[in-house]
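Trainee: Sharing a model that was predicted from the sequence below.
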Amino acid sequence: MSRTADPDDAPRIPLLRAEGLVKTHYGEGAPAHAVRGVDLSVRHGEFVAVTGPSGAGKSTLLHLLGGLQRPDSGSIRLDGECTDSYSEARWATERRRRIGIVFQFFNLVSNLTVADNVELPALLAGTGTRQARAEREKLLAELGLEGKARSMPGELSGGEQQRVALARALVNHPRLLLADEPAGSLDSKGTREVMRLLSRFHQRGQTILLVTHDARLASAADRVVSFFDGRIADDAELGGAPARGTGLSGVLELKD
Ligand SMILES: Nc1ncnc2c1ncn2[C@@H]1O[C@H](COP(=O)(O)OP(=O)(O)OP(=O)(O)O)[C@@H](O)[C@H]1O
């Protein structure tokens, strides 16, 4: 049965707690044991990078954590609340309200303007038109896209599209931002922009779980979870960073 956390417990309860997650994909060939028993907690305000080689199971893990796929076994708690019995509709609601997601290929709605792409999740979450517009304007200005509100996604560069996707993911002030290879299809300039923005939002308290195969990008996080063959091989706080979110040196050194 799902349990809503006592607000007094909030600082001690992880924002996300996954226990014993297992997921096998059954496709045309042999079954792919993508996630083979993963325990992972993410505290409020953390910036966690999940890194590892191609095929290690990173994206599958992110999909499980965002309710885009269901685990074969194991459970996920959000803010202390068990999600095991969530329906698809409930997960969709949670993704609008508590979990923002950005993907490698942006997944913007191609026939909606930039403004509408960003506003839509706010309207779907029940935010009034005026407030949704205000949130959209604030985010687009913050992300350097104020002149692009009336553009269509196809008229933007990859980096700009990913910033729109980030605005869309953040418009409802989610507790958790999941980012699946957000720089995976960007050049080094776009990569730096996106990583700077993730760090900036993190410094303001945004909890982020970033999936990346790129160790340099992972160094922007304050904790790196190394994934290998469906399991966590290492889970390390990035000690020595002078302050939260400042481990960007590897990213900033990326050359065009
Ligand atoms: N929908 C699917 N159907 C069948 N097999 C899948 C599916 N999704 C993932 N897999 C397989 O599960 C394993 C883990 O894939 P996953 O995409 O989670 O890894 P990854 O670490 O994110 O890899 P990459 O960095 O290349 O994206 C791989 O063997 C992959 O081929």
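Mentor: Everything's here; your move. Predicted model only: the values in this text are computed from it and were never measured.
Trainee: name the helices or strands packed onto the longest helix along the chain?
Mentor: Of all the segments of type helix in the chain, defined by DSSP state H, the longest one is helix 188-203. If you count contacts as 3 or more Cβ pairs under 8 Å, 6 or more residues apart in numbering; DSSP states H and E, helix 188-203 packs onto strand 47-51, helix 158-170, strand 176-180, strand 207-212, helix 249-252. Where C-beta positions appear, they are placed from N, C-alpha and C, glycine not excepted.
Trainee: any low-confidence regions in the stretch 1-150 of the chain?
Mentor: Per-residue confidence of the stretch 1-150 of the chain (counting by pLDDT under 70) places the weak regions at 1-11.
Trainee: Return the residues of it in contact with the ligand.
Mentor: Residues of the stretch 1-150 of the chain lying close to the ligand by Cβ under 6 Å from any ligand atom are 25, 27, 32, 34, 52, 54-60.
Trainee: how much does the longest helix of the chain deviate in direction from strand 207-212?
Mentor: 150 degrees (axes from the mean of the first three to the mean of the last three Cα atoms, to 10 degrees).
Trainee: which parts of helix 188-203 are buried?
Mentor: By 16 or more other Cβ atoms under 10 Å, the buried positions in helix 188-203 come out as 190-195, 197-199, 201-202.
Trainee: now the strands for the stretch 51-200 of the chain?
Mentor: With DSSP state E, counting those that start in this stretch as the criterion, the stretch 51-200 of the chain has strands at 73-78, 81-82, 99-102, 176-180.
Trainee: What strands line up against the second one, and which way round?
Mentor: Same thing as strand 81-82. In the sheet, strand 81-82 lines up against strand 73-78 (antiparallel) (DSSP bridges).
Trainee: buried stuff in the strand it pairs with?
Mentor: Using 16+ other Cβ under 10 Å as the test for burial, strand 73-78 gives 74, 76-78.
Trainee: For residue 17, give its distance to residue 102.
Mentor: With distances taken as Cβ to Cβ, to the nearest Å, residue 17 is found 22 Å from residue 102.
Trainee: So these two - more neighbours on which side?
Mentor: More neighbours sit around residue 102 than around the other of residue 17 and residue 102, counting by other Cβ atoms under 10 Å; the figures are 24 against 18.
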